[in-house]
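S.K.: Give the three-dimensional model of this entry:
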Amino acid sequence: MATTAFERVQTARHPDRPYAMDLFQTLFTDFVEIHGDRRFADDPAMITGFARLDGTEVCVIGQQKGRDINERRHRNFAMSKPEGYRKALRMMNMAEKFGRPIITIIDTPGAYPGIDAEERGQAEAIAFNLREMAGLKVPIVVVVLGEGGSGGALAIGIGDRVLMMENAVYSVITPEGCAAILWKDAGRAPDAAEGLKLTADNLKKFDIIDEIVPEPEPWTVPSDSDKKSQKTYDNILASLKKSLLRELKTLSSLDTKTLLDERYEKFRKMGEWV
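M.R.: So this is what the prediction gives:
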């Protein structure tokens, strides 16, 4: 089991760890994917669609990495471009129109920093999502599944409840990037990881997240013949499902004004100096 902050980073990045599509196919039922932002293109790094969670109709949004090099290139290593964030917002607006709760799955090293993304308004797309998510009139539950990197994660991370897997990480910058800036040495990433306080236990203490979903054993996508791995996968999945259903039930009982007021207060109090 991971013990240091940097070991958690490495666990969160492990290629055998479940990705958003794994959850859409096992945690949810009747998943129907929605493509395109209706402005430029479809972004395979961001997956959106309609689904059911134990019979409850929801809209789901997730960042998708790849298992092999070809899929990683196709998914752009889960680094979305502006069309990805605009597709996510299109899905959120449909969720509000049809009165469906939103569940987002965060797993990205960050937004794509390429010149083509900048030309199409990467920063504006992220900022617009932050503003619009703050005012959506349906419940939003966020799950930090693996890596939660910077604005690329936050663009789908404004939620009424933020759940985080025990071995996930959530930070304004990668440890390697932080070490390169501070010490001009990416090799000091373990030191940076400790200072960034990016683990679930630290973020819970600072009220950045609301709940930690335990991972008593390594959580990996099971092979057909590995019964032990399958049992572990199913147990952690069941724990996540229970948390999601509980939060959706609680949030759905709130009137719109209370929902929006509590969401506003949740994010306004972050970073307060006491």
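
S.K.: count of residues packed around residue 184?
M.R.: Neighbouring residues of residue 184 were enumerated by other CB atoms under 10 Å; the total is 8. Quick note: C-beta positions are derived from backbone N, CA and C, even for glycine.

S.K.: For it, give me its contacts.
M.R.: For residue 184, the contact set (CB atoms under 8 Å, 6 or more residues apart in numbering) is empty.

S.K.: how near is it to residue 190?
M.R.: Between residue 184 and residue 190 the distance is 16 Å, computed by CB to CB, to the nearest Å.

S.K.: what do you get for residue 234?
M.R.: In this structure, residue 234 lies at 33 Å from residue 190, with CB to CB as the measure.

S.K.: These two: which is more packed in?
M.R.: Applying other CB under 10 Å to residue 234 and residue 190 shows that residue 190 carries more neighbours, namely 15 against 12.

S.K.: what comes up buried for the helix or strand hosting the more buried one?
M.R.: Following DSSP states H and E, the helix or strand that holds residue 190 is helix 189-196. Judged by neighbour count (16 or more other CB atoms under 10 Å), helix 189-196 contains these buried residues: 189, 191, 192, 193, 196.

S.K.: Just give the closest residue to the last one, not the sequence neighbours.
M.R.: Across the structure, with CB to CB, 6 or more residues apart in numbering as the measure, the residue nearest residue 196 apart from its sequence neighbours is residue 171 (5.0 Å).

S.K.: picking that back up, show me how far the helix holding residue 190 is from its chain's centre.
M.R.: Relative to the centre of its chain, helix 189-196 is centred 21 Å away, using CA atoms, centre = their mean, to the nearest Å.

S.K.: Likewise for stretch 208-226?
M.R.: Its chain's C-alpha centre lies 15 Å from the corresponding centre of stretch 208-226 when counted by CA atoms, centre = their mean.

S.K.: just stretch 38-54 next, same as before
M.R.: Averaged C-alpha coordinates place stretch 38-54 at 14 Å from its chain's average position (CA atoms, centre = their mean).

S.K.: CA-only coordinates of that stretch in CSV, if you can.
M.R.: Extracted in CSV, the C-alpha atoms of stretch 38-54 (Å, rounded to 0.1, in the frame of the first residue of the first chain):
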residue,chain,number,x,y,z
ARG,A,38,-21.7,21.5,-31.4
ARG,A,39,-19.1,24.2,-32.0
PHE,A,40,-15.8,22.6,-33.2
ALA,A,41,-15.3,18.8,-32.6
ASP,A,42,-15.6,15.9,-30.4
ASP,A,43,-12.9,15.4,-27.7
PRO,A,44,-12.2,11.8,-26.9
ALA,A,45,-10.4,12.8,-23.7
MET,A,46,-13.8,13.8,-22.2
ILE,A,47,-16.6,11.3,-22.1
THR,A,48,-20.2,12.4,-21.5
GLY,A,49,-23.6,10.7,-21.5
PHE,A,50,-26.8,9.6,-19.9
ALA,A,51,-26.9,6.7,-17.5
ARG,A,52,-28.7,5.1,-14.5
LEU,A,53,-27.3,4.6,-11.0
ASP,A,54,-29.4,2.0,-9.3
